[in-house]
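Chemist: any chance you could fold what I've pasted below:
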Amino acid sequence: MRVLGVFFVLLNIITLVGPVLGVVLAYQDNLKDMVIPPQVESMMSGSLFTGGKIELPRFVGATPDLAGRTITLVFEFTNPFTYDLMVKSISADVECSLHGFTLGHASLIEPTNIPAGATVELSMYCDWTQKTVDHSHTEHTGATRLDAKVVNITIEVSGITIQSDQAYPIDIPTS
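Modeler: Alright, predicted model coming up:
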């Protein structure tokens, strides 16, 4: 009876250790693939559904409304996926590239559906404060354009929130 008990204990150990040992041996040349499957790595690089990386939005232009102290920023984005995307919101800060001064906060004007493979323009609205106007007059006197960057970007697309610490350089006409 004791031999039968030892046999079942050994059988349990082999049943647990065997598959784990088999996986380690199968991935012995590349242990990273055992922890992070290639499909997950493809999703992280943006190539799972597209065959390539996702292109970042391209800055098209800025239209100032000096009387209303607002700027409309326009970006162009191409949906590389085979399914539609719904951009519910985008928010970001706009900073002076030379001084790091926060010029205002920008947000998406309206939620936008981007059909699969289509390119659309995304318009953002940015309010300027009196401090922004003062900064422009004192630090950029006589300039016709203001070098700025869009930073601290948060995008909500198809139920997923994405935050980026990447800065997008833009130029804003001052007149």
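Chemist: what sits up against stretch 167-175?
Modeler: 56-57, 59, 62-64, 66, 71, 73, 75, 94-95, 97, 136, 140, 143-151, 153 (CB atoms under 8 Å, 6 or more residues apart in numbering). Where C-beta positions appear, they are placed from N, C-alpha and C, glycine not excepted.
Chemist: repeat that with 7 Å
Modeler: The contact list for stretch 167-175 (CB atoms under 7 Å, 6 or more residues apart in numbering) reads 59, 62, 64, 71, 73, 97, 136, 140, 143-151.
Chemist: tell me the pLDDT of T15.
Modeler: Predicted confidence (pLDDT) for T15: 87.
Chemist: tell me the phi and psi of it?
Modeler: Torsion angles at T15 (phi, psi; degrees, to the nearest 10) stand at phi -60, psi -30.
Chemist: and it, how far is that from L25?
Modeler: 17 Å (CB to CB, to the nearest Å).
Chemist: the contacts of stretch 167-175, buried ones only, as a ChimeraX selection?
Modeler: Written as a ChimeraX command, the selection of buried residues from these, which uses 16 or more other CB atoms under 10 Å, is:
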select :62,64,71,73,136,140,146,148,149,150,151
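Chemist: show the subsequent helix or strand relative to the helix or strand of the chain with the lowest mean pLDDT.
Modeler: Within the chain, no helix or strand scores below helix 38-45, which has a mean of 56 by mean pLDDT, DSSP states H and E. Scanning forward in sequence from helix 38-45 by DSSP states H and E, the next helix or strand is strand 58-65.
Chemist: show me what that next one is packed against.
Modeler: Under the contact criterion of 3 or more CB pairs under 7 Å, 6 or more residues apart in numbering; DSSP states H and E, strand 58-65 touches strand 70-78, strand 168-173.
Chemist: can you give me the angle it makes with strand 168-173?
Modeler: Using axes from the mean of the first three to the mean of the last three CA atoms, to 10 degrees, the direction of strand 58-65 lies 30 degrees away from that of strand 168-173.
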